[in-house]
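Peer 1: Provided below are the primary sequence and the corresponding predicted coordinates.
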Amino acid sequence: MNQDRNTAETLPAPVNSGDSAAHVVSRTPLLAVRGLSVSFPAGNDRIRVVDDVSLDVGRGETVALVGESGCGKSVTSLSIMRLWPKNSATIDSGQALFHDPPDSCQPVDLFTASASSLRKMRGSRIAMIFQEPMTSLNPVYTVGEQIVEAMEVHGFARRRKARKRAITLLERVGIADAQRRVDEYPHQFSGGMRQRVMIAMALACEPVMLLADEPTTALDVTTQAKILELLQQLQEAFGLGILLVTHDLAAVAGAADRVYVMYAGRIVEHGPAKKILTDPLHPYTQGLLACSPGLVDMPARLPTIPGKLPPAAHYPQGCRFHPRCELAARVVQTNKDLPVTAPLESAVGPVPRRCVEGHTASGCTAPKLREVRPGRWVACWEV
Amino acid sequence: MMPMLVRRLFWGAVTIACIYTLTFLMVITVPGNPFRQSERNMPPEAERALRVRYNMDDNWSYFVEFLSGAVRGDFGPSFTYSDWTCNQIISEAFPISAMIGLLAILIAIVIGVPTGVIAATKRDTAWDFGALALVLVGISLPTFVTGTFLLILFAVHLQWAPIGGWGTLAHLPLPALTLSLPFTAYIARLTRVGMLDVMGSDFIRTARAKGCDERTIVWKHAFKIAFLPVLSYLGPATAQAMTGSFVVEKVFGVPGLGQHFVNAALNLDPGLIMSTVLVFSALLVAMNVAVDVLYAWADPRITAAV
């Protein structure tokens, strides 16, 4: 545990790159998101749903972005390719540095790239698959036409050659009788099969990076496992960097190299997947893991994290998790001057001294990500 | 596909039969009498003789006779235009109305569809409001106002077109344009709503993620689906446009079919009423079947369902 909370206080103000630059992990970089903040219009106001998020994906690495529904993880993944309809979300600040080719020293910032150069990268260098396989394919074109289009758009392959490759890709993602099914329409495929088609389409131009936004959420459990297994195989075969957005920690266990845990629009913890899964440091991560049913010793009643994720317009001051945090449960009782929200459930235990002090000393700002152990970054006053 | 076509045609025939029966019932129950139009009273023997000559002495035999004639393509004599058969009247007037109507529908598609697409893709901009203005004018102003306006502008002031009548190609554009306005407006509105709906779909996001440019997204991915409601509207709209409009024909002095719908009813001319109604309903059924076929071709999900 970090003994010196002053390290946190001496870090620069959390505007853009602030603490972000501090935890760059040295590896072959592929995608480096720095200080991403995204907001949505709400009347005359704007609500910030993603706040100063930084993350890295290395070449050939699977990085999981985990958090509960509404925490901003999908927003983060969609922002990387700026896949927002006009007049909806805006990226307020940040960079998405895309290193392509991976060893180039001149990365492209996807947030400032021109619309046409971004379009050239979409699908050809960075591909994306989505949560809704049932509606993500155009119902009036055959799956073959849609895969071929992905190649023709970027001049990767044309006509007969593209069609041949589409069939090969469909076989590669495990669709039996691809020769015939290539001419079928999406409604003739099941949900899992459509997600396979989406994956085939995403890989058509041999991208180096795949953004997978909850690719298995809409599928049944056995199909989920198969799709994740397929993604892993393909990653090994193609050397893809994958950003896997999910709320399912069980999925992370098998698939990811590193994990970012997101809560209320911020990263609260990140580190190697194995470490985080066996020894979570942030109280929120601990809560999430306690909530996942284990296969072996199943408790009679699953523990839950008390309360629920507040809507983005009402994120609490200070540590955003503190109203639901067992550690912070006594902060309010001990320090009535703090503008912190009353905890939902009082826990029995010692008064979290550093949490109180941290909030007091910082004027109730959020704790920043600090490297508390080598490679382990946590945003919590107590840890 | 084929069983669908057969089924649709069968139900089309049933529909026409129902329309014929209803029209017939109205014609025989409506007060008044085709033989007593003039001031002079016709001697009862003469009326009886006329009824026998026109098969109208017995309702049931008239129903059967007219129907069997209509099936063979013979609508019998007109009562008002005594030297004309209904076939002659229709074959004279229908090509004129059909020509104006087809041109009107063509104009409606060519103007209405892009207007709707532009309004949807440039939502809440000046383009959108301009399109809305066109839609409002087209839907709310009756054709005798728009027709007269076009007549004054293009025929009187600019003298680009003849004031009225029929016979040359120059007579065609103004009535067609007038007739097209309500259709244009409705098509623009349908297209706009359809496009807005489709542009929010997940597969549009997929197309963006693939790297498609906006033009491909709008015209290839969204339009093919957004056009489907327009397509189903085009069936009845084409039938309606091709059978003429009483108002447009009056404003421009065009000898089309539309006037006969109204005049036949006013003159209580049973043969002409039923023949014009039958022509319209047959055309309507045919257009709807054509739309069904096109629909199945455009949307593979439909082919699977029928």
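Peer 2: Looks like it arrived, so ask away.

Peer 1: per-residue confidence for the closest residue to chain A within the stretch 101-250 of chain B?
Peer 2: Closest residue of the stretch 101-250 of chain B to chain A, Cβ to the nearest Cβ: residue B:211 (3.7 Å). C-beta: built from backbone N, CA, C; applies to glycine. With respect to pLDDT, residue B:211 scores 93.

Peer 1: residue ranges of the strands in the stretch 1-150 of chain A, please?
Peer 2: A:29-42, A:45-58, A:62-66, A:90-98, A:108-109, A:126-129 (DSSP state E, counting those that start in this stretch).

Peer 1: Which of those sits closest to residue B:92?
Peer 2: Set against residue B:92 and scored by Cβ to Cβ, the strands of the stretch 1-150 of chain A come closest in strand A:29-42, at 62.1 Å.

Peer 1: Pairing partners for that closest one, with directions?
Peer 2: Strand A:29-42 sits in its sheet next to strand A:45-58 (antiparallel), strand A:90-98 (antiparallel), going by DSSP bridges.

Peer 1: mean confidence score for it?
Peer 2: 92.

Peer 1: What of stretch A:199-207?
Peer 2: Computed over stretch A:199-207, the average pLDDT equals 93.

Peer 1: distance between the ends of it?
Peer 2: 11 Å (Cα to Cα, to the nearest Å).

Peer 1: So for residue A:135, what's the nearest residue that isn't a sequence neighbour?
Peer 2: Closest residue to residue A:135 apart from its sequence neighbours, by Cβ to Cβ, 6 or more residues apart in numbering or on different chains: residue B:202 at 4.1 Å.

Peer 1: likewise residue A:256?
Peer 2: residue A:64 (3.8 Å).

Peer 1: Let me see the confidence value for that neighbour.
Peer 2: pLDDT, residue A:64: 94.

Peer 1: Was I right to think it contacts residue A:244?
Peer 2: Yes: Residue A:64 is in contact with residue A:244 according to Cβ atoms under 8 Å; the separation is 4.7 Å.

Peer 1: Please identify every residue contacting each of those two.
Peer 2: Common neighbours of residue A:64 and residue A:244, using Cβ atoms under 8 Å, 6 or more residues apart in numbering or on different chains, are A:251, A:252, A:255, A:256.

Peer 1: least confident pick among those?
Peer 2: residue A:251 (74).

Peer 1: low-confidence ranges in the chain?
Peer 2: I went with chain A, as the question did not name one. Residues of chain A meeting the criterion pLDDT under 70: A:1-28, A:101-105, A:293-300, A:327-353.

Peer 1: wrong one, I was asking about chain B
Peer 2: In chain B, residues with pLDDT under 70: B:1, B:36-40, B:303-306.

Peer 1: Quick check: residues of it near chain A?
Peer 2: Contact residues, chain B versus chain A (Cβ under 8 Å from any Cβ of the partner chain): B:199-203, B:205-213, B:216, B:221, B:224-225, B:298-301, B:304.

Peer 1: Quick one: buried ones out of the residues you listed?
Peer 2: Neighbour-count burial (16 or more other Cβ atoms under 10 Å in any protein chain shown) applied to the residues of chain B next to chain A gives B:199, B:201-203, B:205-212, B:221, B:224-225, B:299-300.

Peer 1: Inside helices: which ones of those?
Peer 2: With helices taken from DSSP state H, the overlap with these comprises B:199, B:202, B:203, B:205, B:206, B:207, B:208, B:209, B:210, B:224, B:225, B:300.

Peer 1: ok, and the closest non-adjacent residue to the last one?
Peer 2: With Cβ to Cβ, 6+ apart as the measure, residue A:185 is the residue that lies nearest to residue B:300, at 4.4 Å, once sequence neighbours are left out.

Peer 1: So in terms of bridging, what pairs with the spatially most central residue of chain A?
Peer 2: Ranked by distance to the mean C-alpha position of chain A (Cα atoms, centre = their mean), the top residue is residue A:65 at 3.0 Å. Note on residue A:65: beta-bridge partners residue A:245, residue A:260, judged by DSSP bridges.

Peer 1: isn't it right up against residue A:260?
Peer 2: Yes: in this structure, residue A:65 is within contact of residue A:260 by Cβ under 8 Å, at 4.9 Å.

Peer 1: Neighbours of the closest residue to residue B:201 other than its chain neighbours, how many?
Peer 2: Leaving out its chain neighbours, the residue that sits closest to residue B:201 by Cβ to Cβ, 6+ apart is residue A:135, at 6.6 Å. Residue A:135 is flanked by 17 other residues according to other Cβ atoms under 10 Å in any protein chain shown.

Peer 1: Return the list of helices and strands in contact with the helix or strand containing residue B:187.
Peer 2: Per DSSP states H and E: residue B:187 is located in helix B:173-199. When contacts are defined as 3 or more Cβ pairs under 8 Å, 6 or more residues apart in numbering or on different chains; DSSP states H and E, helix B:173-199 sits against helix B:86-121, helix B:126-140, helix B:143-150, helix B:223-242, helix B:246-252.

Peer 1: Nearest spatial neighbour of residue B:284, chain-adjacent residues omitted?
Peer 2: residue B:239 (4.1 Å).

Peer 1: Neighbours of the one you found, how many?
Peer 2: Quick note: residue B:239 (other Cβ under 10 Å) scores 21 neighbours.
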